[in-house]
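Undergrad: A structural model of the following input is requested.
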Amino acid sequence: MKDKFYAYIQNLQDAITSKLEEVDGKAKFQEDLWKRPEGGGGRTRVIQNGNVFEKGGVNISAVHGELPMSMQQYFGVKDADFFACGLSLVLHPKNPMVPTVHANWRYFEMYDKTGAIVDQWFGGGQDLTPYYLFEEDAKHFHTVCKKACDAHDSEFYAAYKKRCDEYFWNSHRNEARGVGGLFFDYCKKSEAMEMEDWYNFVTEVGDSFLEAYIPIVTKRKELAFDQKQRDWQEIRRGRYVEFNLVHDKGTLFGLRTNGRIESILMSLPPHVQWHYDHHPEPGSKEENLINVLQTPKEWVN
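TA: The predicted structure follows:
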């Protein structure tokens, strides 16, 4: 399974980066191949200063070795080894009318000291973070997510949409990071689902990413914006940074397992603002966004 899924994310990285370069029309991805001293490595691809994308990364990795003590304590195990692979992407567009997007699809195995698999699971999801809310964009993104889920279980979308709203919640701000999408984790073998079934589900979601995001980019990338709207985008990016550094499990896992710091922190945007006690003008489009982020919505029936 680990070889099969790693081959999948290698191909998916190629497909996504090729399409993003086509949409941007200017910038190309810079590729770094790296190795982890304890075992494994990855292929980091970063795009910067494009026509559309100010900064973005589409990274894959496959790492293995002894599970660090902090993670042994987290999982409640002793003397365990692990393998983890996944694709993680974040795209920060230049135009504030185009939303930031994040996605991640991953697979994890844990072994005892004889090398036997003692646990394995899939995880992942995709979510949208707009700066100006176009409801039709949120509906489109969620409709594609629901379609991918419904192909496997009619209950998946509602469950994983709810988990996404709960997970990407900036509790210290009492607001969501964005308008959500899907979030699933610890997807293990059960009476209803074999690991092959989970593989089919996760890859279907991964294959849906471009359909979910690219039409939104195409529709919004040429819209006019002014400096005030750009400032708002950078203020909201600050909330994105706060979530990733304070709450995000993927970021914390990477830091605790001696991950490659440049790859872990590629999710951070290049230009960010923090204003003391900032509040948008009453009745403004900026305030409308905040109102929605404070009360997650159902975007599709």
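
Undergrad: only C-alpha atoms from now on, for both contacts and neighbour counts.
TA: Noted.

Undergrad: wait, a helix at Asn231?
TA: Careful, residue 231 is Asp and not Asn. Yes. Secondary structure of Asp231 (DSSP: H, G, I helix; E, B strand; the rest coil): part of a helix.

Undergrad: the closest residue to it other than its chain neighbours: neighbour count?
TA: Sequence neighbours aside, Gln273 is the residue nearest to Asp231 in space, at 7.5 Å (criterion: CA to CA, 6 or more residues apart in numbering). By other CA atoms under 10 Å, 14 other residues sit near Gln273.

Undergrad: quick one: contacts for Gln273?
TA: Neighbour list for Gln273: 231, 234-238 [criterion: CA atoms under 8 Å, 6 or more residues apart in numbering].

Undergrad: got it, and Ile9?
TA: 60, 86-87.

Undergrad: please repeat the previous calculation with a cut-off of 10 Å.
TA: By CA atoms under 10 Å, 6 or more residues apart in numbering, the residues touching Ile9 are 15, 59-61, 85-88, 105-106, 203, 206.

Undergrad: from Leu89, how far off is it?
TA: 12 Å (CA to CA, to the nearest Å).

Undergrad: residues contacting the nearest residue to Ile117 once chain neighbours are set aside?
TA: Distances taken as CA to CA, 6+ apart put Tyr111 closest to Ile117, at 4.5 Å, once the chain neighbours are dropped. Residues counted as contacts of Tyr111 (CA under 10 Å, 6+ apart) are 65-67, 79-83, 117-120.

Undergrad: can we see that at 7 Å?
TA: With contact set as CA atoms under 7 Å, 6 or more residues apart in numbering, Tyr111 has these partners: 80-82, 117-118.

Undergrad: bridged to it, which residues?
TA: Asp81, Ile117 (DSSP bridges).

Undergrad: gap between it and Val98?
TA: Distance of Tyr111 to Val98, given as CA to CA: 43 Å.

Undergrad: for Ala80, same thing?
TA: Taking CA to CA, one finds Ala80 at 43 Å from Val98.

Undergrad: more neighbours: which of these two?
TA: Val98 (28 against 21).

Undergrad: who's in contact with the more buried one?
TA: By CA under 7 Å, 6+ apart, the residues touching Val98 are 130, 217, 220-221.
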